[in-house]
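Undergrad: no sequence on this one, just coordinates:
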C-alpha cells in the first residue's frame, strides 16, 4: 500500500516575487532610490529563504526559559534563549533593520524615504523572524525617543549599531496588573538616587523581550501629580556593568505562557530601588515624550500585520497550486480562487496602509497627519491580520490545525497584533483625540476626494468582470465619494464633542471606516501611478477593495476572473 504525501508549501523569493512591494518602492523612492535599495533588500530576502527560516523554526520549537537562582542560591535572573533567537538578533543588526533610519549615509541616499526602505526590510523579514520583530520595534521606538530627548546617550549608539557584538534591543515596561492600558493607574515610583540616577520601585506586568539589555519604563517621579501625563520615561539597564549580573533590585518574577509569540521571552518584572536614567527632564510631565516611542512601535505593529498577511497568502497559494480536490487542482476551483483573491486584496490594503504610515514617519514624525494615521494603521491592519490568518488556516483544511505544519502559528501570532500597543477600542479613542488636534481628518478626506477623481480620469477603462462590468470605475468613484461625505459629517460631530457617550460608543466603527477609506485612497493613488506606466494590476486591487469595503458589493466573480492578475 502506497502512502500519499502532500507537498509542503514552498516560499518564493519574497522580494522578487512581490510585484506590489516593488511597484510601491519605485513610486515612493523613484527608480534610482529603489535601485539603491535593491542590494540590501535582495540580501535580506536570500537570508529569509535560508538561515533565517531555519532560525525561525529553532526559536519556535525551543522557547525561552528562566533561571532565577544558581545552584548555590545566588540570584541570577537568567533568561536562556535558543540559538535561533540569537541568529535573528544578529541578522537584525547586520541588515540594519533598526539602524537604517539613524544612519547618515542612508539619509543622504533616501532622505525621508529611509523609513520606506526600513518598512520594506520589515515586510520581507518579519514573518520569518520568530517575532524578533517585537524587540526590533521596541529598539526602534527607544532609539527614536533617545534621539529626540538625549541624542548623546551611549545607549542610542548601541541600539543603532550594525555590529551584532555591540547592538542591543530594548524592552518596553509600561503596563501594570492593576492598570493595563489605563496607565494613569501606574504605581511604579521613581526617586532621585546618587550620581544623577534615579531609583525605580514597582511591578511591571507585561515586559516583552525581557532578555534585552535595556528597557524603557514609565514611572511617576517623586513629587509628580496624579494622572498619566505626569508619568515619565526612564531607561533601565537590565544588567550590571558586567553585562551578566542582574541590575540591583531587579527581579524577573516569571515568564508569560502566551497564546502566540512563544519565542519572545515576556516576563513580569519587580523593581526595588533599581537604578534608572531619566529620558529627558524627569521634572517635566513625560507622557508626551513617551508617545514618540509608542508611535514607532504602533507602525511596526502595522508592518508585522501586513508582512504576515502577505506571507500567509504565499503559503496558501503554494498549497492551492499543489493540492488536488474533486479531480482538479485546488487553485482552479472558482470558489477557492475568489477566496484567495479576496485575501490578496486585503493583503494589498494592509501593505498600502503600513507603507504610507512609514512614509509619514520619515517625512514628519510629529505631524498631525501621522498622529491620526498611526492608530488607524495599527487598528485596521491588526484586525485584517487576524481575519486573514484564520482564512489561511482554513485554506489548509485539517493540516492548518496541526501544530507541526507550522500553519497554526500564523493565527497564534496574528492575535497579538490587535492587542499589543493598544487594543482596537483604545486606539479608537486615540483616533477621536486626533480628530480634535491640528488638521484632524482634513488631509485624509482630501486624499480620498483626489482618489475618487483619479478613479474616473486616470484608471484604465477596460477592466471587466462581475461588479466591475456593472458599475465600473464610476462605481468605484461613487463609493469613495459616498464614504467620504458620510465620514466628513461624522468626523465633524465627533470632533465637536469627542467625549459624548454616543460618539465614544461609535468610535470603533468610525475608526474602521476612516481606515478603510484611507486605504482605498492609497490604493487608488498607487493604481493611477501604475496605470500611467501600463500596469493595470493595482487598479484591480484598488477597485475591488473599494467596491467591497466601501460599497458593500459582492465582488466574488471579479476575484475569480482576475485571480491570476491579483496574485
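TA: Perfect, thanks for sending it. The structure presented is a predicted model; accordingly, all values stated were derived computationally and were not measured. Residues are numbered from 1 along each chain as shown.

Undergrad: where does the chain have low pLDDT?
TA: Scanning the chain for pLDDT under 70 picks out 179, 462-473.

Undergrad: quick one: furthest residue from the center of it?
TA: Most distant from the centre of the chain: residue 1, at 48.2 Å, with distances by Cα atoms, centre = their mean.

Undergrad: Now do it against residue 126, distance only.
TA: Distance, residue 1 to residue 126, by Cβ to Cβ, to the nearest Å: 43 Å. To be clear about C-beta, it is placed using only N, CA and C from the backbone, and glycine gets the same treatment.

Undergrad: Contacts for stretch 449-462, please.
TA: Residues outside stretch 449-462 that contact it (Cβ atoms under 8 Å, 6 or more residues apart in numbering) are 472-474, 476-477, 480-481, 484, 520-522, 524-525, 527-528, 531-532, 536, 539, 542-543, 546.

Undergrad: Quick one: the strands in this protein, in order.
TA: Along the chain, counting by DSSP state E, strands occupy 65-69, 75-80, 170-173, 189-192, 198-207, 214-221, 232-237, 250-255, 267-278, 324-325, 328-329.

Undergrad: hmm, back to that, going by neighbour count, which of the contacts of stretch 449-462 are buried?
TA: Neighbour counting by 16 or more other Cβ atoms under 10 Å classes 472-473, 476-477, 480-481, 484, 520-522, 524-525, 527-528, 531, 536, 539, 542-543, 546 among these as buried.

Undergrad: So which of those residues belong to helices?
TA: Applying DSSP state H to those, the entries found in helices are 472-473, 476-477, 480-481, 484, 520-522, 524-525, 527-528, 531, 539, 542-543.

Undergrad: Nearest to residue 358, out of the strands of the chain?
TA: Counting by Cβ to Cβ, residue 358 lies closest to strand 170-173 out of these; the figure is 19.3 Å.

Undergrad: same for that closest one, what does it pack against?
TA: On a contact count with 3 or more Cβ pairs under 8 Å, 6 or more residues apart in numbering; DSSP states H and E, strand 170-173 meets helix 133-149, strand 198-207, strand 214-221.

Undergrad: Tell me which of those lies nearest to residue 304.
TA: So among these, helix 133-149 is nearest, using Cβ to Cβ, at 5.3 Å.

Undergrad: now the closest one, how far from the centre of its chain.
TA: Centre-to-centre, helix 133-149 and its host chain are 14 Å apart (Cα atoms, centre = their mean, to the nearest Å).

Undergrad: How about stretch 504-514?
TA: Between the centre of stretch 504-514 and the centre of its chain there are 20 Å (Cα atoms, centre = their mean).

Undergrad: just to revisit the earlier point, rebuild the helices and strands packed on strand 170-173 as JSON lines, extending it with mean neighbour count and distance to residue 313.
TA: Converted to JSON lines, those look like this (neighbours: other Cβ atoms under 10 Å; distance: least, Cβ to Cβ, whole Å):
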{"stretch": "helix 133-149", "mean neighbour count": "26", "distance to residue 313": "18"}
{"stretch": "strand 198-207", "mean neighbour count": "21", "distance to residue 313": "30"}
{"stretch": "strand 214-221", "mean neighbour count": "25", "distance to residue 313": "34"}
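
Undergrad: Can you give me the domain assignment for this structure?
TA: 170-284, 441-566 (automatic domain parsing).

Undergrad: I'd like the distance between the nearest residue to residue 174 once chain neighbours are set aside and residue 326.
TA: Nearest residue to residue 174 in three dimensions, chain neighbours excluded: residue 218, at 5.1 Å (Cβ to Cβ, 6 or more residues apart in numbering). According to Cβ to Cβ, residue 218 and residue 326 sit 57 Å apart.

Undergrad: again with residue 510
TA: Using Cβ to Cβ, we find residue 510 at a distance of 44 Å from residue 326.

Undergrad: Same drill for those two, tell me which one is more crowded.
TA: Neighbour totals were compared for residue 510 and residue 326, and residue 510 leads with 20 against 8 (other Cβ atoms under 10 Å).

Undergrad: measure the more buried one to residue 431 for me?
TA: Counting by Cβ to Cβ, the gap from residue 510 to residue 431 is 7 Å.

Undergrad: Identify the contacts common to the two.
TA: With Cβ under 8 Å, 6+ apart, residue 510 and residue 431 have no common neighbours.

Undergrad: picking that back up, any chance of a markdown table for the domains of the chain, columns distance to residue 335?
TA: What follows is those, written out as a markdown table (distance: least, Cβ to Cβ, whole Å):
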| stretch | distance to residue 335 |
| --- | --- |
| domain 170-284 | 29 |
| domain 441-566 | 8 |
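
Undergrad: Relative to residue 66, which of those is closest?
TA: Residue 66 sits nearest to domain 170-284 of all the domains of the chain, at 4.9 Å, using Cβ to Cβ.

Undergrad: Could you check how far the closest one is from the centre of its chain?
TA: Domain 170-284 sits 23 Å away from the centroid of its parent chain (Cα atoms, centre = their mean).

Undergrad: Straight-line length of it, end to end?
TA: In domain 170-284, first residue to last residue: 23 Å (Cα to Cα, to the nearest Å).

Undergrad: ok, now stretch 263-272?
TA: Per Cα to Cα, stretch 263-272 runs 28 Å from first to last residue.

Undergrad: What residues of it count as buried?
TA: 263-269, 271.

Undergrad: a markdown table for those, including distance to residue 177?
TA: Formatted as a markdown table, those follow (distance: Cβ to Cβ, whole Å):
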| residue | distance to residue 177 |
| --- | --- |
| 263 | 24 |
| 264 | 19 |
| 265 | 19 |
| 266 | 14 |
| 267 | 13 |
| 268 | 8 |
| 269 | 12 |
| 271 | 14 |
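
Undergrad: still on that earlier bit, need the contact list for the residue farthest from the centre of the chain.
TA: Taking Cβ under 8 Å, 6+ apart as the definition, residue 1 has no contacts.

Undergrad: going forward, begin numbering at 331 instead of 1
TA: Yes, from this point I'll number from 331; that puts the last item at residue 331.

Undergrad: State the distance from it to residue 579.
TA: Between residue 331 and residue 579 the computed distance is 65 Å (Cβ to Cβ).

Undergrad: Kindly report the same for residue 838.
TA: As judged by Cβ to Cβ, residue 838 and residue 579 stand 41 Å apart.

Undergrad: who wins for proximity to residue 685 among the domains of the chain?
TA: Counting by Cβ to Cβ, residue 685 lies closest to domain 771-896 out of the domains of the chain; the figure is 8.2 Å.

Undergrad: how long is the closest one end to end?
TA: Terminal residues of domain 771-896 are spaced 31 Å apart (Cα to Cα).

Undergrad: ok now it, how far from the chain's centre?
TA: How far domain 771-896 lies from its chain's middle: 22 Å, per Cα atoms, centre = their mean.

Undergrad: cool, and stretch 369-376?
TA: Offset of stretch 369-376 from its chain centre (Cα atoms, centre = their mean): 20 Å.

Undergrad: in it, what's buried?
TA: Those would be 370-371, 374-375, for stretch 369-376 by 16+ other Cβ under 10 Å.

Undergrad: of those residues, closest to residue 358?
TA: Closest approach to residue 358 among the buried residues of stretch 369-376 (Cβ to Cβ): residue 371, at 13.7 Å.
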